[in-house]
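My questions are about this predicted structure, shown below with the sequence.
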Amino acid sequence: MMQSVSGEGPTLSEALQSAAEQLGADSLEELSWSFVREHFRQGAWSVLVEAGLRTAEEIEALKKGREAADGAAEWMRETLRLFGTEAKVKSRMVGENVQVAVLSSDASLLIGREGRNIQAFQLLLRRFVERNFGEREVRLDVESPDRVETRDRGRDRDEDRGRGRGRGDRDGGRGD
């Protein structure tokens, strides 16, 4: 059975660091952790996590996943450069899946009519990942800076109106 410890701190980073020190871990990557939600429900002003050490196999799988995500992002950057398109490209692993996000002012060109271009990019990206990093699901998201800015401004307006405060405020704040 894996040794488990509690780590607490004013931030998530500090709580994880506390757990890592207790376990003798060299990096946070070695930790498998989860929030202790009950800690928040009791009104605590700190973060509490339960953590244990990952196995060598789990750490190796994480490294391979990160390599796949980094490789997919680099492939996408190079492909867009060859197309003469400037874009910000980020990638991450979501579970076992690679997710690549592209932010470009040429988003409509990248998406194409009825999404045909993005489907083609996604197919090519998936084939690249499979050939170089093994079979994984790949998701490609394309956004334009204008749309992101508009969406963020909409969120600000909703927050000003008191929306987004949780499920308990369904009556619109009327206090009925």
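Done, it's in.

Q3: neighbour count?
10 (other CB atoms under 10 Å). Any C-beta I mention is one placed from the backbone N, CA and C, and that applies to glycine too.

So what's the predicted local confidence for it?
According to the prediction, Q3 has pLDDT 82.

Then T11?
So, for T11, pLDDT stands at 92.

quick one: it and V47 touch, right?
Yes: using CB atoms under 8 Å, T11 is in contact with V47, at 6.3 Å.

Look at those two and report which has more neighbours.
V47 (20 against 10).

low pLDDT regions in this structure?
1-2, 147-176 (pLDDT under 70).

From the centroid of it, which residue is nearest?
R92 (5.8 Å; CA atoms, centre = their mean).

Now do the SS call for it.
What DSSP: H, G, I helix; E, B strand; the rest coil gives for R92 is strand.

Check whether it really touches A73, as I assumed.
No: between R92 and A73 there is no contact under CB under 8 Å: 9.0 Å.

OK, contacts around E74?
Counting by CB atoms under 8 Å, 6 or more residues apart in numbering, E74 touches no other residue.

buried stuff in the host helix or strand of it?
Here E74 sits within helix 56-82, counting by DSSP states H and E. Neighbour-count burial for helix 56-82, counted by 16 or more other CB atoms under 10 Å, picks out G65, A68, A69, G71, A72, A73, W75, M76, R77, T79, L80.

Once you drop chain neighbours, what's closest to the third one?
Counting by CB to CB, 6 or more residues apart in numbering, the nearest residue to A69 once its immediate chain neighbours are dropped is S91, at 4.1 Å.

all helices for the chain, in order.
Listed in chain order, the helices found in the chain under DSSP state H are 12-23, 37-41, 56-82, 107-111, 116-133, 145-160.

any chance of those in TSV, plus distance to E29?
Formatted as TSV, the helices of the chain follow (distance: least, CB to CB, whole Å):
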stretch	distance to E29
helix 12-23	10
helix 37-41	23
helix 56-82	6
helix 107-111	33
helix 116-133	18
helix 145-160	30
